[in-house]
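Undergrad: From the sequence below, what's the structure:
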Amino acid sequence: MTKHDMAGNRPRILLIGANGQVGWELRRTLAGLGEVIAASLEGEYGPVIDLLDPASLARLIADSQPDAVVNAAAYTAVDKAETDHETARRINADAVGELGALLAARGTPIIHYSTDFVFPGTLDRPYTEDDQPAPLNVYGETKLGGERALLESGARALIFRTSWVYGARGANFLLTMLRLLRERDELRVVDDQIGSPTWSRMLAEMTAMILYRVLRGELDLDEVGGLYHLTGSGQVSWYGFASAILEASGLESSLIPIPSTDYPAPAKRPLYSVLDNRRFRETFGLAMPDWRISLDQCLEELR
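TA: Numbers count the residues shown, from 1 in each chain. Reported below is the predicted structural model:
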């Protein structure tokens, strides 16, 4: 694609899923790079996009004529996906493949997000991009389907697998914990699932830094495109994460660690889904801070 003069010819960046917790942060971090066309199902900030309708996607690309696309839209209701297969597959897999085909024809770069839930959680070390996926639930299956469809589409794509995303907005573990800690004297939290909490803002900031270099022509996606792991540094259980939230909040509730078997859910979760970020770090020279640092910064904002 043509290299952009970031001071003069401002590129058009299509953001899909602008009202989600990552999309909400991306509207801010991408704004310095160019004109952000913020599409969502409700059309709160820009065009309406219905990912259940292939024609809606094609119209959006034709109307917006983007120089780059960031797809932050996803079906993320992990338990609901177990009985709502078709909707989850349509949004997380089919639409992503269709988007890839539309952008491949134009040579337009795309950044897309996937999940640690593509892995079964049976290893005792962080998963690398070369480890074999084997999702335990429909959500993970459909997100893996989206990864593969996008890579097979021939689009100039970067896929960032992330995990345990939280932030100051949306439905996430941090906000749920803060609400429950205020409402209850005691909480039981799963202590045998291990992962890496990832602040939505840090994810959005990393995305903006990478996209800036793509638009400048400093990164060639024919060389560095593909799949990367991108999460907060370090690892913790849900109980450990909740304990850090409780300590930082100053609330008076108490926490009790429990095994996953005491908290049955429709969708099976991996017990260990920490992702190895080395490939991202070595390729782009960037790294996420420790999850505790990001949590403190996010809580500062919430206060």
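
Undergrad: can you pull the contacts of R278?
TA: Residues near R278 by C-beta atoms under 8 Å, 6 or more residues apart in numbering: T128. (Each C-beta comes from the backbone N, C-alpha and C, glycine too.)

Undergrad: ok, 10 Å please
TA: R278 makes contacts with 126, 128-129, 228-229, 287, as judged by C-beta atoms under 10 Å, 6 or more residues apart in numbering.

Undergrad: for R27, same thing?
TA: So R27 contacts 15, 18-19, 36, 38, 40, 45-46, 72, 204 (C-beta under 10 Å, 6+ apart).

Undergrad: The residue most central in space within the chain sits in which helix or strand?
TA: Nearest to the geometric centre of the chain sits Y113, at 4.5 Å (C-alpha atoms, centre = their mean). Element membership for Y113 (DSSP states H and E) is strand 109-115.

Undergrad: moving C-terminal of that strand, what's the next helix or strand?
TA: Immediately after strand 109-115, counting by DSSP H and E, sits helix 138-152.

Undergrad: export that following helix as CSV, just CAs?
TA: Output of helix 138-152 as CSV, limited to C-alpha atoms (Å, rounded to 0.1, in the frame of the first residue of the first chain):
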residue,chain,number,x,y,z
VAL,A,138,-17.5,-23.3,21.3
TYR,A,139,-16.2,-19.8,21.9
GLY,A,140,-12.6,-21.0,21.5
GLU,A,141,-13.5,-23.1,18.4
THR,A,142,-15.1,-20.1,16.7
LYS,A,143,-12.2,-17.8,17.5
LEU,A,144,-9.8,-20.3,16.1
GLY,A,145,-12.0,-20.6,13.0
GLY,A,146,-11.7,-16.8,12.6
GLU,A,147,-7.9,-16.9,12.9
ARG,A,148,-7.6,-19.6,10.3
ALA,A,149,-10.1,-17.9,7.9
LEU,A,150,-8.3,-14.6,8.1
LEU,A,151,-4.9,-16.2,7.5
GLU,A,152,-6.2,-18.2,4.6
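
Undergrad: Taking strand 109-115 as reference, get the angle to that helix.
TA: Orientation note: helix 138-152 sits at an angle of 160 degrees relative to strand 109-115 (axes from the mean of the first three to the mean of the last three C-alpha atoms, to 10 degrees).

Undergrad: Enumerate the positions of helix 138-152 that are buried.
TA: Neighbour counts over helix 138-152 (16 or more other C-beta atoms under 10 Å) mark 138-151 as buried.

Undergrad: Adding pLDDT and distance to E252, write the residues you listed out as a markdown table.
TA: Shown next, in a markdown table, are these (pLDDT from 0 to 100; distance: C-beta to C-beta, whole Å):
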| residue | pLDDT | distance to E252 |
| --- | --- | --- |
| V138 | 97 | 38 |
| Y139 | 97 | 35 |
| G140 | 97 | 37 |
| E141 | 98 | 41 |
| T142 | 98 | 40 |
| K143 | 98 | 38 |
| L144 | 98 | 42 |
| G145 | 98 | 45 |
| G146 | 97 | 43 |
| E147 | 97 | 43 |
| R148 | 97 | 48 |
| A149 | 97 | 48 |
| L150 | 97 | 47 |
| L151 | 97 | 49 |
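
Undergrad: ok, V70 to H112 distance?
TA: 8 Å (C-beta to C-beta, to the nearest Å).

Undergrad: can you list residues touching both of these two?
TA: 16, 158.

Undergrad: Can you pull out the low-pLDDT segments for this structure?
TA: 1-8 (pLDDT under 70).

Undergrad: Helices along that one, start to end?
TA: According to DSSP state H, the chain carries its helices in the segments 21-29, 54-64, 85-89, 95-106, 138-152, 173-183, 200-215, 221-224, 238-249, 278-284, 291-302.

Undergrad: Thank you, goodbye.
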